[in-house]
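Asks: next come a sequence and a model predicted from it.
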Amino acid sequence: MGQPLGNINESGERVVMSDNVKVFGGFHFAESCTFDPERNLLIVMNAGEFSDDAEADGYASLVHPDGSLHTAQWLGAPGNGPELITPIGSAIRDGVLYTVDSGFVHAFNLQTGEPVSSIRVPGAGFLNGIAVAADGTAYVSETQPGELIYKVTAEGDSSVFAAGGPLSRPNGVAIDNDGRIVVVNLDSKAVVTYERSGELVRVEEAAEAGSDGVVVLPDGTKYVSSVRFGSISKLVPGEEARVIAAGIPDAASLCYDSVQHQLVIPMNPNNALAFIKL
C-alpha cells in the first residue's frame, strides 16, 4: 500500500507533504516553470527522457494558474516547430522565453513560439538554471561538473561569469530587484548574490541544502526549493531562513505567479506541479 506524498528531510526523517500544497499532474519530467502575466499562464518545461542518445522528446506546456492544462505541447510538439531535447531552466524577459537545452541557450517569441535565437555555449557541461538581465544577457549555471556560471550575451558571446566557491554545483539562478545575479547550490545551503561585474555581494543560507530553484519577489523576499529534501525556504532580508512547506517530492525549479500570488513547483519524475498560495 502506498504512502501519502512526502519526502525525506535533511535530518533523515520522512515528512508528509504540507496541507498548504496542492498537486496537479500531466507532464514528462517537469523541470522548471516561469509565469507569463500578460496571458496569465504558466510555462512548464518538460525535459523528457534523460539518456546519452536522447531523442528530441522535450517540450513546453501551457498551464492555467489553477493547474488545469491549456496546451499540452506548446513548444516541441512532434513535427511542429522547434525540436527540444532536454529543456531544463527557463526565464521570461521582454516578450521572450529563454530555456537551456543540451548545451544551448534557446530563445522563443513568447506569444507565437517562433524561434528567436539558439546559442551554443562552448565547453559547457550540464547547463541547468537560467536568468536574464534587462539587456538580454543570460546567466546560466553549470551543475556538472559544477562551480561555474556562464554569461551569454544577446549577441551570442559566452564567457565564464563566476567560478569556484561559494558555488557548489550551482543550480537555480534569478535576477533580483537591483539587477544582481542570485544563485543557489545543489551541494550547499548557500544563496549567493553577485553584482553584474562579477563581484560577490553576499552569501545567505537556505533552511535546507539541495537547492534547485530560486525566485526573488518585489519586496526582496527569496524563496528557494530543495529538490533533495522537499522543502521551500523563505528568506526575508535580515532574517534567518525558515521552511514554509515540506515533504514535496523532487521540488525542482520553482516560479512565482505574480497575479495569483503563488509559488509553483515542478516535481521532476513525479510529472506534476505543486502550488503554494502566499
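Replies: That came in fine, so what should we check first? Numbering: from 1, shown residues only.

Asks: make it CA atoms for all contacts and neighbour counts henceforth
Replies: OK.

Asks: residues of stretch 87-107 that come out buried?
Replies: Residues of stretch 87-107 classed as buried by neighbour count (16 or more other C-alpha atoms under 10 Å): 87-93, 96-107.

Asks: how near is I130 to K22?
Replies: Distance, I130 to K22, using C-alpha to C-alpha, to the nearest Å: 26 Å.

Asks: ok, now T137?
Replies: Distance, T137 to K22, by C-alpha to C-alpha: 35 Å.

Asks: hmm, back to that, more crowded one of I130 and K22?
Replies: For I130 versus K22, neighbours defined as other C-alpha atoms under 10 Å are more numerous around I130 (29 against 16).

Asks: go ahead and confirm that one touches I181.
Replies: No - the criterion here is C-alpha atoms under 8 Å, and I130 misses it with I181 at 10.2 Å.

Asks: mind listing the shared neighbours of the two?
Replies: Counting by C-alpha atoms under 8 Å, 6 or more residues apart in numbering, the shared contacts of I130 and I181 are Y139, V173, A174.

Asks: please name the nearest non-neighbouring residue to A209.
Replies: Leaving aside its sequence neighbours, A209 sits nearest to K189 (C-alpha to C-alpha, 6 or more residues apart in numbering; 4.2 Å).

Asks: and the one you found, what is it in contact with?
Replies: By C-alpha under 8 Å, 6+ apart, the residues touching K189 are E204, E205, A206, A207, E208, A209, G210, S211.

Asks: do the same with N109
Replies: Neighbouring residues of N109 by C-alpha under 8 Å, 6+ apart: G95, V96, L97, P115, V116.

Asks: nearest to N270 among those residues?
Replies: Lowest distance from N270 to the contacts of N109 (C-alpha to C-alpha) belongs to L97, with 24.3 Å.

Asks: residues contacting the closest one?
Replies: Taking C-alpha under 8 Å, 6+ apart as the criterion, L97 is in contact with S90, A91, A107, F108, N109, L110.
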